Structure formats: C-alpha cells, structure tokens
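Colleague: got a predicted structure plus its sequence, pasted below:
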Amino acid sequence: MSDEYETEGQRPAEVKDDVEVPEAQGDAETVISIKGMSKAYRIVQPTIVKNGKISLKNRTDYPIFDNIDLEVRRGDILAILGRNGCGKSTFLKIVSGIIEPDKGTVEVKGKIASILELSMGFHGDLTGRENIILRSHFYGIPRSYVLEHLDDIIEYTELGVFIDNPVRTYSSGMRSRLAFSVMVNVDADIFLIDEALSTGDMAFASKASEHLKELVRSGKTVLFTSHSMGTIRHTCNRAIWINDHRIAMDGPAGEVVDAYTRSITDSFEETEALAKGGSSVAQYRLATFYRDGNGVGKDPEQYRRWLEQAAYRDHPMAMSELADILVSEGDSERAMELYRLAAQGGDFESRRKYSVMLGETQHEVEVLKGVLKGLTDSGYPYDYYNYGYLMYRSALMPQDYEEAFRYVTLASEAGWTDADYLLGQMYRDGKGVERSVEKAEALFVKAAEAGHQRAMTLLTDMYGEGRYVQRDHEKAFRFCMMAAQSGNLKSQYMVANMLAEGLGTERDPEAAKRWYARYASSSLNEFRRTAMDSLRSRGDPDGLYLELLKSSSRSLDSRSMMSLASKYADGKDVKKNKDAAFQLTERASVTGGSARTRLGIMYLEGTGVEKDETKAFELFRSAAGYGDASGMYRLALMYKDGIACEESQANYRMYMRMASECGDREARALVSKWDGRIKRRKANKNGPTDPE
C-alpha cells in the first residue's frame, strides 16, 4: 500500500494550554542552593501577673520552615505556592538576604533584583516620575541611565498623566506597575517578585508575564509568588508547594498547580472555612460533601442548609438542585422561581425544566413516556436507552433520575454504547445514583473505545485539565489521538500541538507537521463532498472524483476511507489491493459502527488479514452496540451457528429482529418470513409460534 495512507503511532503526549512557557536548560548551573534551612518566629503571649502587671516572658517559637532543601537552576521561572501564612514571602526574603535563616545555608550566585513589597523604596509624597529615579538608586542603576531611559520606563508603566501624581494616591495595581517597570531595567541575574503580577489589570499582567519569559530566555532566573493559578500555569516552568513547614511538592508548574488546587477543593476544612466566609462556590461544594459523604458523614440536614445558603447567593447549580428537592416536596411555585433564576445564571437544565413547568408540554411528555416504556417489553437495548434518555432529559424530581438510571443501566449492560456515555454522566453528576467519578471514568473509557467520539473528547478534557480526575497527560493524548483519527478537527490540531511541544511523548516536529497538514486538509472535507457529489451526477472524465476521495481519506474522514476501501477491495477505478482495503477499514473502525462491521467481515473471511473469528465476533458486537444494523445481522448469525461464542437461539432471534427494525435488508427479509409463518400457524391454530 502507498505511504500516503500511513499514520503515526499512537504515542502519549501532554495536553497543553495554548501558551509558550520557556523550558529550563537541563544542564544549567545551580544559582540558588538551600540546604537544611529552618526558620521560626518568636511569638510573645502577654500574661497577667500580680497587681495587674503584664509579663512578656511567655514566649514560644512558631516554625515557618523545617529543614528545607532546594536547588534552583539558571533559567527557571519558579512559582512558590501555599496558603496564606505558609511563608511564601518569608522564603523570598531569606533568598534575598533581608532575613537570615535560623539553621542551614542559602547560597546565591548572581545579582538579585526584587519586588518584595510594593511600598518598599517609594516615597508617598513624591510623584511616580520622581519615585522611578529614587527606586532606581536602590537598585544601583546609574542616574544617567535612568534619565536617558525615563520616557521608556514611564511608557512601560502605562500610568499616563498619573505619573506626575503623588504615589500615595496610587492604587496597589498602579504601585505594582511602577515597581515592575523599574525592576525590568535592572541588570540582575535573579528576580524575586512577591504578588506583583496579581495586583494590576489583566493586560499589564500579561505583558509582565511575557517580559519574565524573555528574561529567562536570556539566561535569567525568576522566583515569584502568586495566588493566580492561571498566571503560574502560563508563566512558570516549575513550582514548589509549601505546606506544613516543608516543600510538599516540587515539579512542573501545571502538575503542582493541579495538586495544590485539588488539596483546597477536596479539603473539607478549607471548604467549610470559605463557606462560612460567604463564598457561594464553597457553600455549594460543602453541600455536596454532606450529600455524598465526601470527607464527612452524610448529613441531609447540613446538605439542605448549605444548599440553601448557596442558592440564596445565586449559585446556579445550587438553585437548580434545591428546586429539584422542592418539586419532590410539592412546592412547584418556589421551584419554578429558582429554576428561572438558575436559568438566567446559565444553567442549561434549569432552562429546560422552567420551560416545561411553565408551558403545556408536560402532558405530551407523559404520553411519550408511556409509549417508550411500553416498547421496553421488547428487551432491546435501544428501547431501554430511548426510554431512559427521555426520563433523564425530562426529569423534574429525583425519582425521575432514578427511573432513568435503571433503564440506562439495562441498556449499558446489553452493550449499547450511547448508554455507557449517558450512564457515565449520571455517575459523574450523581443524577439518580450515588456519585462515583471512578465508575463514570470507566464508562467513558468503555464508550470511547467503542468509537463514541464525544466520550473521546470528554476524556481528553478530563485528563488534560485534571477535571474530576488527576491530570494524566499520557491518557489525555491517547483519547485525543483516538478522536483525531476519527476525524475530529479540534483533536487533530491538539495532537499536532502535543507532538510539536514533545510534552508527555518524544518531541516529533515532522509528525506534528503532518498533523497540522491533516487538520488543514480536514477543514476542506465539506467542500470536497460537495464537489464529489457534483462530479458523480455530471460525469467525471478527468478522474477528479478519485483524487478528491483520496485527499479526504488522508484527512481521516471515515466515510471517505470506507468508500476508498471498497474501491480497493473490488478493483473499481483503482488496482485491486486487499491490503490497502484492510488498512483503510481498520483506520476507519476507530469511529465504531459500519466500519467495524466491515472489518469484522474481513477477519471472519480472512480478507487482507489472517482469519480470526473471535476478533470478528467482538467487532460485530461493538458495531451492534453502536446501532449498526449490519453488525446486528452478522452478530445474530454468529449466535445462530455458535461461531466464537456459545450458540444461542434467543440471541439469534433478538439481534435478527433488531437488525430488521434498524433497516438491514437481509434481516428484514428473514424476519418477514418468520412473521408470515407465525400468522399462518396462528390462523391454522397449529404448531409453535416462535420461529426456528
């Protein structure tokens, strides 16, 4: 087969935000070396002695750091994370030499420039312009240099006419701009910044972040603290997390940010403190802790209490969840108002529920429920799924979600792929069942491997962003590649980025170029299809149709690959090539459905590949679970003859009838004969009614 159809191997890589973070040089020298560093602050606790006198002799040492070791390399942009009071600012002051450690050593190679406190070095009664000259003197910048570049420094501050106002009139953000603008002109080797990028506006913070990256590219080193996880993720190549007087984690910035964020999000104590402080997000999260028994015993009363607190503060999900409870209690009027407010806050489900309760469709929904539930007597997985999905989409009360869960579970157990995906959502969100991220993850993986593209992209986001699960770049790439090979445009571009960056896999610029090209080519498929339809109907004397079909196949469009595979299999318009037909079909099979049925037939017959009846059976079963009628028909025949499975007349009849209902011609013809025979036997009142 021609090389034009060959595809890169599925290698794991990292899902990366669309930003550029400079990499530290692997063999760069150590510029900051900290060994066994400890620091404690002495706290005086006044006590009353005789005659009302106060004694200051009761003193205790409060530890800040306990035996910390750390090496910082030239070219690092190192973020220091930790909760308030953990010692982030103290850490920078020790590195700068402002504070001495109690124990251990701190060795620094190179000149340091720092912004440790925004007010340091500023005179409140002097103007911004005058303070630039004053602060520059503290950094050792020659006055002649400052005066020569004063206009450039002022322009960088973006303070405009306020540059000639007294600094005491400045906001913290304006002071931050002024301090940073002076510091960037310092010829230093190491820059220490304490929260300076978190006080200005977004545009200035972005500009400052880019400047730090430029410093690092020129061989400088930067250490800074920030409560902005986005700033750290987009700016730093490395981070440390200080917790309980020690460095709890040291590694790539994104991974440390994820771990630190999870520690706060998953902490009952931290969440409770924030909830009591009035945070609606924390109040809703605390309610879910009590609802699910996460870090605390289940407590319906506390769940309701904090849910109401969050709803009172207009948290959309809390309002929607509280409204569900009120509906079950019969308080429809109050529930409708909460649905309305949640809908205004952007909650999609609340929009639907409010519209249903307000409109006149509820009767139609009830009629439709009766029809679809009646159809579940067939025992067919898609009947279970259709009724369960309707119950899920029309649910107003917890009982509705529970009913949906029962039937979607039946469909999932019968191998219906869409049911796996929906059931995963229900476990993830705790709808109709106790919340379980682990079970949700397993179901999403099962659906993705069966060809469910939405499951592939959802898993890419889950693993890539650390949403619901621990971030895992290799798993993120696996499912991103799967989606890319199924023709998903966004995923194709993401795969190209991953390979270009070499994050989580070997860096491969050539493979990245091919995926960028494939992404660009895929965006033309709609126009190719239009052109091919026109050529098919008007004639194609120049053979352009085949060239367009090949181009579309190279972009991994599954329909085009299957069409081209048929041509290679039959030798129509091209030289017959069983190997090419097999490879194209195998590549298209990532999307599930008919491609898997075709591939199963190849394995069953040994066409272009070694015969493998077990593999064929699994492919037919997967295709049937994805709703492919031909796959159902083939699966029925294997159950009939006991090929790669136990013979089962019940499964034979069920899948054959399912194939007939879903449109397979051969199945329809056979089922029609069965039904005709049944009618004749009933008319004659003679013989069994079930077909053999």
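Modeller: Structure received.
Colleague: what residue lies at the spatial centre of this protein?
Modeller: What sits nearest the mean C-alpha location of the chain, by CA atoms, centre = their mean, is Asp461, with 2.5 Å.
Colleague: that one is in what secondary structure piece?
Modeller: helix 453-465 (DSSP states H and E).
Colleague: before we move on, back to that, pLDDT at the nearest residue to the residue nearest to the centre of the chain once chain neighbours are set aside, what is it?
Modeller: Leaving aside its sequence neighbours, Asp461 sits nearest to Arg467 (CB to CB, 6 or more residues apart in numbering; 6.2 Å). The way it works is simple: take the backbone N, C-alpha and C, and place the C-beta from them, glycine included. Predicted confidence (pLDDT) for Arg467: 82.
Colleague: Arg467 reaches Leu458, doesn't it?
Modeller: No - taking contacts as CB atoms under 8 Å, Arg467 lies outside contact range of Leu458: 9.3 Å.
Colleague: ok, those two, which is more surrounded?
Modeller: Leu458 (23 against 11; other CB atoms under 10 Å).
Colleague: which one is the more buried one nearest to, not counting chain neighbours?
Modeller: Using CB to CB, 6+ apart, the closest residue to Leu458 is Phe444 (6.0 Å).
Colleague: how many other residues sit next to that neighbour?
Modeller: 27.
Colleague: ok, it touching Thr460?
Modeller: No - counting by CB under 8 Å, Thr460 is not a contact partner of Phe444; they are 10.5 Å apart.
Colleague: show me what counts as buried in the one helix or strand Met658 maps to.
Modeller: Assigned by DSSP H and E, Met658 belongs to helix 649-661. For helix 649-661, the neighbour count (16 or more other CB atoms under 10 Å) marks Asn651, Tyr652, Arg653, Met654, Tyr655, Met656, Arg657, Met658, Ala659, Ser660, Glu661 as buried.
Colleague: just those now: which is nearest Ile141?
Modeller: Met658 (80.0 Å; CB to CB).
Colleague: just to check, the closest one is in contact with Tyr380?
Modeller: Yes - using CB under 8 Å, Met658 is in contact with Tyr380, at 5.5 Å.
Colleague: I'd like the mean pLDDT over stretch 250-263, please.
Modeller: 86.
Colleague: list the buried residues in it.
Modeller: So for stretch 250-263, counting by 16+ other CB under 10 Å, buried means Pro252, Ala253, Gly254, Glu255, Val256, Val257, Asp258, Ala259, Tyr260, Ser263.
Colleague: could you measure from the third one over to Ala624?
Modeller: The spacing between Gly254 and Ala624, counted by CB to CB, to the nearest Å, is 41 Å.
Colleague: distance from the helix holding Met658 to the middle of the chain?
Modeller: Relative to its chain's centre, helix 649-661 lies at 39 Å (CA atoms, centre = their mean, to the nearest Å).
Colleague: give me every residue that touches Thr30.
Modeller: Counting by CB atoms under 8 Å, 6 or more residues apart in numbering, Thr30 touches Glu71, Val72, Arg73, Arg74, Lys109.
Colleague: no no, Leu178
Modeller: Counting by CB under 8 Å, 6+ apart, Leu178 has contacts Phe122, Gly128, Asn131, Ile132, Arg135, Thr157, Leu159, Val167, Tyr170.
Colleague: kindly recompute the last result at 10 Å.
Modeller: 118, 122, 128-129, 131-132, 135, 153-154, 156-157, 159, 162-163, 167, 170 (CB atoms under 10 Å, 6 or more residues apart in numbering).
Colleague: what's the answer for Asp542, then?
Modeller: If you count contacts by CB under 10 Å, 6+ apart, then Asp542 has Leu535 around it.
Colleague: Trp306 touches Val281, doesn't it?
Modeller: No - using CB atoms under 10 Å as the test, Trp306 is too far from Val281 to be in contact (11.5 Å).
Colleague: who has more neighbours out of those two?
Modeller: Neighbours around Trp306 and Val281, counted as other CB under 10 Å, are more numerous at Trp306. The numbers are 26 against 16.
Colleague: just the CA atoms of the host helix or strand of the more buried one, as CSV, please.
Modeller: Taking DSSP H and E as the definition, Trp306 sits inside helix 300-312. C-alpha atoms of helix 300-312 as CSV (Å, rounded to 0.1, in the frame of the first residue of the first chain):
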residue,chain,number,x,y,z
PRO,A,300,-29.2,15.5,54.8
GLU,A,301,-29.9,18.5,57.1
GLN,A,302,-26.4,20.0,56.6
TYR,A,303,-26.7,19.3,52.9
ARG,A,304,-30.0,21.2,52.7
ARG,A,305,-28.7,24.0,54.9
TRP,A,306,-25.6,24.8,52.8
LEU,A,307,-27.5,24.2,49.6
GLU,A,308,-30.0,26.9,50.6
GLN,A,309,-27.1,29.2,51.6
ALA,A,310,-25.5,28.9,48.2
ALA,A,311,-28.9,29.3,46.4
TYR,A,312,-29.6,32.4,48.4
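Colleague: after that helix, next one along is what?
Modeller: Next element after helix 300-312 (DSSP H and E): helix 316-328.
Colleague: ok, and for the very next helix or strand once past that next one, which residues are buried?
Modeller: Later in the chain than helix 316-328, the nearest helix or strand by DSSP H and E is helix 332-344. Residues Ala335, Met336, Leu338, Tyr339, Arg340, Leu341, Ala342, Ala343 are the ones in helix 332-344 that count as buried (16+ other CB under 10 Å).
Colleague: can I get these in TSV with distance to Met317 and pLDDT?
Modeller: Output for the buried residues of helix 332-344, formatted as TSV (distance: CB to CB, whole Å; pLDDT from 0 to 100):
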residue	distance to Met317	pLDDT
Ala335	15	91
Met336	17	91
Leu338	11	93
Tyr339	12	92
Arg340	15	92
Leu341	12	92
Ala342	7	92
Ala343	12	91
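Colleague: as a markdown table, those with distance to Leu372 would be great.
Modeller: Output for the buried residues of helix 332-344, formatted as a markdown table (distance: CB to CB, whole Å):
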| residue | distance to Leu372 |
| --- | --- |
| Ala335 | 25 |
| Met336 | 26 |
| Leu338 | 29 |
| Tyr339 | 24 |
| Arg340 | 29 |
| Leu341 | 32 |
| Ala342 | 28 |
| Ala343 | 26 |
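Colleague: what about Leu544, how many residues nearby?
Modeller: 12.
Colleague: please name the nearest non-neighbouring residue to it.
Modeller: Leu535 (5.9 Å).
Colleague: Leu422 and Thr271, how far apart?
Modeller: Taken as CB to CB, the span from Leu422 to Thr271 is 29 Å.
Colleague: and what of Leu375?
Modeller: 45 Å.
Colleague: okay, and the common contacts of Met658 and Tyr380?
Modeller: Met632.
Colleague: Asp164: how many residues sit nearby?
Modeller: 12.
Colleague: tell me where this structure has strands.
Modeller: 30-44, 47-48, 54-55, 59-73, 77-81, 103-108, 112-115, 190-194, 221-225, 238-243, 246-251 (DSSP state E).
Colleague: in a markdown table: the ones you listed, plus distance to Met319.
Modeller: A markdown table is the format used below for these (distance: least, CB to CB, whole Å):
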| stretch | distance to Met319 |
| --- | --- |
| strand 30-44 | 45 |
| strand 47-48 | 51 |
| strand 54-55 | 52 |
| strand 59-73 | 43 |
| strand 77-81 | 33 |
| strand 103-108 | 52 |
| strand 112-115 | 42 |
| strand 190-194 | 39 |
| strand 221-225 | 36 |
| strand 238-243 | 35 |
| strand 246-251 | 36 |
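Colleague: wait, which of those is closest to Tyr145?
Modeller: When the strands of the chain are ranked by proximity to Tyr145 (CB to CB), strand 112-115 comes first, at 14.4 Å.
Colleague: list of residues touching that closest one?
Modeller: Contacts of strand 112-115 (CB under 10 Å, 6+ apart): 31-32, 92-93, 95-98, 120-121, 135, 138-141, 175-176, 179-180, 182-197, 220-221, 223-224.
Colleague: right, I'll leave it there.
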